[in-house]
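1. Would you be able to build a 3D model of this:
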Amino acid sequence: MATSVLSGLASRRLAAVASDVLSYMQDGRVEVNVFHCSAVITAGEKAGKWQLALSILLLMPEMKVAPNEFSYSAAISACDKSGQWQQALSLLGLMPETKVVPNEICYNCALSAFAKGRQWQLALALLEQMTEMRVLPDKISFSAAISACEKGGRWQLALGLLSQMQERKLVLDQICCSAAISACSRGGQWQLALELLGAMPDMKIPIDGICYNSAISACSVGGRWQLALGLLSEMPRVRVIPDRVSYNSAISACERCGNWQLALDLLRKMSKVQMVPDTISYNSAISACSMSGQWQLALDLVRAILANSISIDQICYSAAITACEKGGHWPLALGLLGQMQAVKLLPDAICYVAAMATCEKAARWQLALSVLAEMISICEAVVSFLGRAATPSASEPVTGVSSG
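-> Okay, here's the model as predicted:
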């Protein structure tokens with residue numbers, strides 16, 4: 001009865017209620033078992049309450065309940081979902097002390113936590129440990145390790161793990177392939193990314209949007225805008241709908257080679273397919289215009305961002321100010337610098353330097369010095385603020401322990 005109630009609360013993600021029920025059971029001297037505790041830990045996991053999940057696990061000995069591998073796997077999963085890879089590692093190390101042997105699920109949850117935390121060394125060490133402990137790594141294990149290598153920029157290791165999967169006769173899927181393609185993208189290995197993408201149909205693996213996006217990004221990083229656009233146009237033909245990430249990666253590819261016409265075409269196409277461009281879309285397009293000296297178009301795009309109530313950032317303004325610099329339009333550059341303050345954005349060094357360069361080219365030395373003075377003033381104000389924030393007040397004890 002109690003197990004069913006707690007499991008029901010876990011499925012509804014009512015972690016606090018489940019914890020209260022467990023407390024009432026103890027107060028009423030109802031015998032608590034490992035299934036009850038595991039259900040509450042699972043409730044914490046599903047609700048994203050990793051502290052609650054850990055507290056129940058660590059209190060189990062006091063309740064005279066021995067945790068099992070399911071208790072630990074739920075707690076490690078809670079840490080994984082909350083980005084607490086250090087806690088996941090600690091729990092895994094605690095298991096032998098409580099004479100519990102980690103199972104495949106425990107290892108996989110920890111591997112997933114390491115992947116999210118960009119801890120590729122730990123992921124590889126744990127994968128090796130699984131074999132030593134006679135726990136066979138499965139597809140999920142390898143996918144998590146590949147993802148860890150991808151996030152750590154270790155494309156060679158990611159491809160090595162993919163080869164190991166094939167050697168072990170493990171069936172590759174979209175998850176591990178997309179992670180490997182993304183690893184190649186981060187490493188600037190566009191040829192390998194395309195090679196892997198092209199091999200997927202032969203392995204009977206459907207290519208999804210994530211795989212295409214990673215490949216388009218790889219081509220973008222590698223300066224292969226033609227290939228990036230080719231992949232984007234190929235997606236609808238294979239019944240994969242391009243998303244905002246697809247278009248943004250393609251626009252970025254056009255930006256890198258300064259092809260502002262194609263960047264603007266893609267931006268317009270997004271609107272035609274009822275896809276709202278975001279800050280990244282506009283930033284790449286503005287940068288493409290800036291690189292080619294198309295300052296009028298860059299300013300038009302800034303106006304479009306503001307008119308459409310899209311979030312605007314320093315990257316957008318710095319690209320537009322740089323465009324004005326290349327066009328020699330110092331009044332517009334200074335106008336953009338002033339506009340940043342109106343929209344409550346603090347100009348960064350790139351914005352100031354571009355504005356100063358514009359004034360310098362127009363021989364407006366006094367204005368350039370004025371911009372420099374403003375930049376120094378803001379830097380000093382920021383440093384002063386940080387200094388005050390780091391210094392404890394006189395009324396606050398340094399130790400954080402109240403007096404008396």
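
2. I'd say L9 and V17 touch.
-> Yes: here L9 lies in contact with V17, judged by CB atoms under 8 Å, at a distance of 5.4 Å. (Each C-beta comes from the backbone N, C-alpha and C, glycine too.)

3. Looking at those two, which one has more neighbours?
-> Set L9 next to V17 and count neighbours by other CB atoms under 10 Å: L9 wins out with 24 against 17.

4. ok now do I210, which residues does it touch?
-> Q174, S178 (CB atoms under 8 Å, 6 or more residues apart in numbering).

5. Output whichever strand or helix holds it as PDB, restricted to C-alpha atoms.
-> Element membership for I210 (DSSP states H and E) is helix 209-221. Once non-C-alpha atoms are left out, helix 209-221 reads as follows in PDB (Å, rounded to 0.1, in the frame of the first residue of the first chain):
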ATOM      1  CA  GLY A 209      17.700  17.200 -37.700                       C
ATOM      2  CA  ILE A 210      20.300  17.100 -35.000                       C
ATOM      3  CA  CYS A 211      22.700  15.200 -37.200                       C
ATOM      4  CA  TYR A 212      22.100  17.600 -40.100                       C
ATOM      5  CA  ASN A 213      22.600  20.700 -37.800                       C
ATOM      6  CA  SER A 214      25.900  19.300 -36.500                       C
ATOM      7  CA  ALA A 215      27.100  18.700 -40.100                       C
ATOM      8  CA  ILE A 216      26.000  22.200 -41.300                       C
ATOM      9  CA  SER A 217      27.800  23.700 -38.300                       C
ATOM     10  CA  ALA A 218      30.900  21.700 -39.200                       C
ATOM     11  CA  CYS A 219      30.800  23.100 -42.700                       C
ATOM     12  CA  SER A 220      30.300  26.600 -41.300                       C
ATOM     13  CA  VAL A 221      33.300  26.300 -39.000                       C
END
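
6. Beyond it, next helix or strand please.
-> Sequence order places helix 225-237 as the next helix or strand after helix 209-221, per DSSP H and E.

7. which residues are contacting that next one?
-> With CB under 8 Å, 6+ apart, helix 225-237 has contacts from 190, 194, 209, 212, 215-216, 219-220, 241-242, 246-247, 249-250, 253-254, 256-257, 259, 262, 266.

8. just the buried members of the residues you listed?
-> Neighbour counting over the contacts of helix 225-237 (16 or more other CB atoms under 10 Å) leaves 190, 194, 209, 212, 215-216, 219-220, 242, 246-247, 249-250, 253-254, 256-257, 259, 262, 266 as the buried ones.

9. Run through the residues that contact the residue nearest to the spatial centre of the chain.
-> Against the mean C-alpha coordinate of the chain, by CA atoms, centre = their mean, the closest residue is K116 at 8.3 Å. Residues in contact with K116, defined by CB under 8 Å, 6+ apart, are D80, G83, W85, K151.

10. Counting only helices, which of the residues you listed make the cut?
-> Among these, DSSP state H puts D80, W85, K151 in helices.

11. Generate a ChimeraX selection restricted to the buried subset of these.
-> Buried members of the ones in helices among the contacts of K116, defined by 16+ other CB under 10 Å, are picked up in ChimeraX with:
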select :80,85,151
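
12. wait, which of the ones in helices among the contacts of K116 is closest to M25?
-> D80 (27.8 Å; CB to CB).

13. So the closest one is in contact with A113, correct?
-> Yes: counting by CB under 8 Å, D80 touches A113, with 3.9 Å between them.
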